[in-house]
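*Asks:* Got a sequence here, can you model it:
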Amino acid sequence: MTNRQTKSWIINAMVAALYIVLSLLVSILNLASGAIQFRISEGLNHLVIFNKKYIWGITAGVLLFNAFGPGNSIPNVIFGTGQTLLALLVVAYLSPRLPKMWQKMALNTLLFTVSMCLVALELKLTLNLPFWWTYFTTAVSELIIMTITAPIMYYLDKVVHFNQRIEK
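*Replies:* Residues are numbered from 1 along each chain as shown. Modelled structure (predicted):
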């Protein structure tokens with residue numbers, strides 16, 4: 001394993017840990033799982049815009065939080081992690097075709113919002129919550145978080161340079 005690969009693994013482990021910590025902070029207010037989810041950690045999904053290598057750290061954070069955090073369950077791991085991985089892969093594939101950063105972030109926000117149907121389906125199957133209402137509430141929650149965090153991640157990148165951190 002090269003130094004570059006090792007660094008990528010370490011950075012992804014840090015992203016996963018940050019995702020878990022941010023999710024746990026929100027879970028104190030009971031807003032990290034269920035029909036209304038305001039996971040601040042979802043803002044880390046924007047990292048994929050800067051470099052697709054962040055997919056693994058984000059996905060690992062979601063998987064670990066869904067497996068061991070409040071509201072943990074096998075369906076939550078499958079549907080929640082699957083929703084994240086699917087959206088990240090689609091964004092990683094499509095975003096390089098967009099010329100402007102705001103377009104990439106808008107695409108990312110839209111895809112994550114729309115893909116919340118998988119989380120709503122999981123909540124329908126496991127908690128018997130009404131699908132359409134749950135889809136609406138989880139999608140709006142995701143839209144709000146992703147919209148608020150997009151400019152924050154954009155300006156953080158100006159200081160941190162996310163692509164360079166994982167590439168060098």
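
*Asks:* where does the protein have low pLDDT?
*Replies:* Within the chain, the ranges that satisfy pLDDT under 70 run 1, 168.

*Asks:* all helices of it, in order?
*Replies:* Taking DSSP state H to define them, one finds helices in the chain at 3-27, 47-50, 55-68, 74-94, 101-114, 117-127, 131-160, 162-167.

*Asks:* now the ones you listed as a markdown table including mean neighbour count and distance to residue 37?
*Replies:* Just so you know, the C-beta spots here come from the backbone N, C-alpha and C atoms, and that holds for glycine as well. Shown next, in a markdown table, are the helices of the chain (neighbours: other C-beta atoms under 10 Å; distance: least, C-beta to C-beta, whole Å):
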| stretch | mean neighbour count | distance to residue 37 |
| --- | --- | --- |
| helix 3-27 | 16 | 8 |
| helix 47-50 | 25 | 19 |
| helix 55-68 | 21 | 11 |
| helix 74-94 | 18 | 10 |
| helix 101-114 | 18 | 11 |
| helix 117-127 | 19 | 8 |
| helix 131-160 | 16 | 5 |
| helix 162-167 | 17 | 24 |
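
*Asks:* Tabulate the ones you listed (TSV), appending distance to residue 35.
*Replies:* Shown next, in TSV, are the helices of the chain (distance: least, C-beta to C-beta, whole Å):
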stretch	distance to residue 35
helix 3-27	15
helix 47-50	26
helix 55-68	16
helix 74-94	13
helix 101-114	15
helix 117-127	6
helix 131-160	5
helix 162-167	32
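
*Asks:* Nearest to residue 34, out of these?
*Replies:* Closest of the helices of the chain to residue 34 is helix 117-127, at 7.3 Å (criterion: C-beta to C-beta).

*Asks:* From what I see, residue 129 and residue 119 are in contact.
*Replies:* No. Contact criterion C-beta atoms under 8 Å: residue 129 and residue 119 do not qualify, at 10.5 Å.

*Asks:* okay, now the closest residue to residue 145 other than its chain neighbours: neighbour count?
*Replies:* Nearest-residue entry for residue 145: residue 42, 4.8 Å, with adjacent residues in sequence omitted and distances by C-beta to C-beta, 6 or more residues apart in numbering. A count of nearby residues for residue 42, using other C-beta atoms under 10 Å, gives 26.

*Asks:* How much space separates residue 42 from residue 97?
*Replies:* Residue 42 sits 23 Å away from residue 97, going by C-beta to C-beta, to the nearest Å.

*Asks:* before we move on, what about residue 126?
*Replies:* Residue 126 sits 36 Å away from residue 97, going by C-beta to C-beta.
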